[in-house]
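S.K.: Structural data only, the sequence is not supplied:
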């Protein structure tokens, strides 16, 4: 563990890296804050949870579907000329949602706010790949994976605290301020970037087999993250402890934090296979209908989380190794899009499966989905062996 902390410190001591990490973290924290905040804001303003859910879904969809094209623009024109105007659109749209109760206006503003989420996750990985020596990239990407997990954990907690102390509207203003300030800080820390000339023709980063493969496997893996909240609430309710669902879910993130401390570089396929195997016991523990089953679920998720950071790190390294600098931001953005779409699809599927067969059926989906991801990697390795060097 101390070796990992030392490696993180050595990375953060490199020029620009510390401020890049800080700016990207501040700019991305609202991703964890806004879903809950928008639900409360819209439901209180209009009295409709259905509209609140629609608005939140449109926001997430707009973000997921446009990130790769935003990344392509950043690769072509640089961060300052791309990220700052995008952030302005986001801030204006989010603030506009505070002052209207019109369903049409709220939906249009939600789409605009999603379109305006800056592709910081892809940009920070691409810039780090340019600034950090190759021998420190495993530790760098492990740190980035840890930061990415942290805003999904800290964001909802921060939103809950602000809403309890103030109002959803004030929390929206705080989130918009963080996006603006964090994006500006990131652009300043990134500095001027020399862009390689783009190739004519092609389909951007999607022409690269590794990017297509990782977009698909990330989508399949992310079905797990969408299923878990719904399936855990159902399992905890049947066990007589509905409030325990959040605690059990947090063990996955806890495992990810611990896993980042003990990370050792490993092959992507091996890590993905282990990740799939770790998910298999979930359905069995959910069938117990007792607090002991919840303990089993927590232990299983903690063990699975140990692999989450190494798996993400391995994927980042694979993208870095196979993607030219001219489209690196876009390549990382495609992975973020796979994550967002998979999580949304998992939430929808999880709800339907819980209604049909209870949490046991819902918990059967994650190992099957990740197993399919393993199959995708095996097929790609056989057909395009150059992807794995």
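M.R.: Happy to help now that I have it. Predicted, not measured: the structure shown is a model, and the values here were computed from it.

S.K.: which other helices and strands contact the strand or helix carrying residue 349?
M.R.: In this assignment (DSSP states H and E), residue 349 forms part of helix 328-383. In terms of contacts (3 or more C-beta pairs under 8 Å, 6 or more residues apart in numbering; DSSP states H and E), helix 328-383 is packed against helix 49-77, helix 120-131, helix 209-238, helix 268-279, helix 282-286, helix 291-322. No exception for glycine: its C-beta is placed from N, CA and C like everyone else's.

S.K.: so what does the second one touch, helix or strand wise?
M.R.: The helices and strands touching helix 120-131, judged by 3+ C-beta pairs under 8 Å, 6+ apart, are helix 17-46, helix 49-77, helix 79-96, helix 137-165, helix 168-190, helix 291-322, helix 328-383.

S.K.: now the last one, how far from the chain's geometric center?
M.R.: The one in question is helix 328-383. 13 Å (C-alpha atoms, centre = their mean, to the nearest Å).

S.K.: thinking residue 343 is in contact with residue 221, fair?
M.R.: No. Judged on C-beta atoms under 8 Å, residue 343 makes no contact with residue 221 at a distance of 9.9 Å.

S.K.: What is the burial count for residue 257?
M.R.: 16 (other C-beta atoms under 10 Å).

S.K.: give the contact list for the residue nearest to it when sequence neighbours are not counted.
M.R.: Of all residues not flanking residue 257 in the chain, residue 146 sits nearest, at 6.5 Å (C-beta to C-beta, 6 or more residues apart in numbering). Residue 146 is in contact with 256-257, 260, 309, counting by C-beta atoms under 8 Å, 6 or more residues apart in numbering.

S.K.: gap between residue 146 and residue 261?
M.R.: 9 Å (C-beta to C-beta, to the nearest Å).

S.K.: Kindly report the same for residue 65.
M.R.: Distance from residue 65 to residue 261, by C-beta to C-beta: 35 Å.

S.K.: Which one's more surrounded, residue 343 and residue 221?
M.R.: More crowded of residue 343 and residue 221, by other C-beta under 10 Å: residue 221, with 29 against 22.

S.K.: Tell me how far that one lies from residue 131.
M.R.: 28 Å.

S.K.: cool, and residue 61?
M.R.: Distance from residue 61 to residue 131, by C-beta to C-beta: 33 Å.

S.K.: and what of residue 124?
M.R.: 10 Å.

S.K.: hey, what's in contact with both of these two?
M.R.: In contact with both residue 124 and residue 131: residue 20, using C-beta under 8 Å, 6+ apart.

S.K.: Neighbour count for the two, which is higher?
M.R.: More crowded of residue 124 and residue 131, by other C-beta under 10 Å: residue 124, with 27 against 17.

S.K.: re the thing from before, between the contacts of residue 146, which is nearest residue 294?
M.R.: residue 256 (19.6 Å; C-beta to C-beta).

S.K.: list the contacts for the closest one?
M.R.: Contacts of residue 256 (C-beta under 8 Å, 6+ apart): 145-146, 149, 305-306, 308-309.

S.K.: for those, which one is nearest residue 35?
M.R.: residue 149 (16.2 Å).

S.K.: give me the element the closest residue to the closest one other than its chain neighbours is part of.
M.R.: Among residues not flanking residue 149 along the chain, residue 256 sits closest, at 4.9 Å (C-beta to C-beta, 6+ apart). Secondary structure from DSSP H and E places residue 256 in helix 245-261.

S.K.: And stretch 103-111, what's buried?
M.R.: For stretch 103-111, a neighbour-count test (16 or more other C-beta atoms under 10 Å) marks 106-111 as buried.

S.K.: Which single one of those residues is nearest to residue 279?
M.R.: Closest to residue 279, out of all of the buried residues of stretch 103-111 and judged by C-beta to C-beta, is residue 110, at 32.5 Å.

S.K.: buried sites along stretch 242-249?
M.R.: Here stretch 242-249 shows 244-245, 248-249 as buried, counting by 16+ other C-beta under 10 Å.

S.K.: These into CSV, with extra columns for pLDDT and distance to residue 185?
M.R.: Output for these, formatted as CSV (pLDDT from 0 to 100; distance: C-beta to C-beta, whole Å):
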residue, pLDDT, distance to residue 185
244, 83, 38
245, 81, 35
248, 86, 35
249, 82, 31
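
S.K.: Show me which of these is closest to residue 171.
M.R.: Taking the buried residues of stretch 242-249 together and measuring to residue 171 by C-beta to C-beta, the closest member is residue 249, at 21.8 Å.

S.K.: Provide a list of residues in contact with the closest residue to the closest one other than its chain neighbours.
M.R.: Counting by C-beta to C-beta, 6+ apart, the nearest residue to residue 249 once its immediate chain neighbours are dropped is residue 232, at 5.4 Å. Residue 232 sits next to 245, 248-249, 297, 359 when contact means C-beta under 8 Å, 6+ apart.

S.K.: low-confidence ranges in the stretch 1-150 of the chain?
M.R.: 1-4 (pLDDT under 70).

S.K.: Mind checking which of the buried residues of stretch 103-111 land in helices?
M.R.: 106-111 (DSSP state H).

S.K.: Of all the helices and strands packed on helix 120-131, which one comes closest to residue 206?
M.R.: Here helix 328-383 is closest among the helices and strands packed on helix 120-131 (C-beta to C-beta), at 6.9 Å.

S.K.: quick check: angle from the closest one to helix 17-46?
M.R.: 100 degrees (axes from the mean of the first three to the mean of the last three C-alpha atoms, to 10 degrees).
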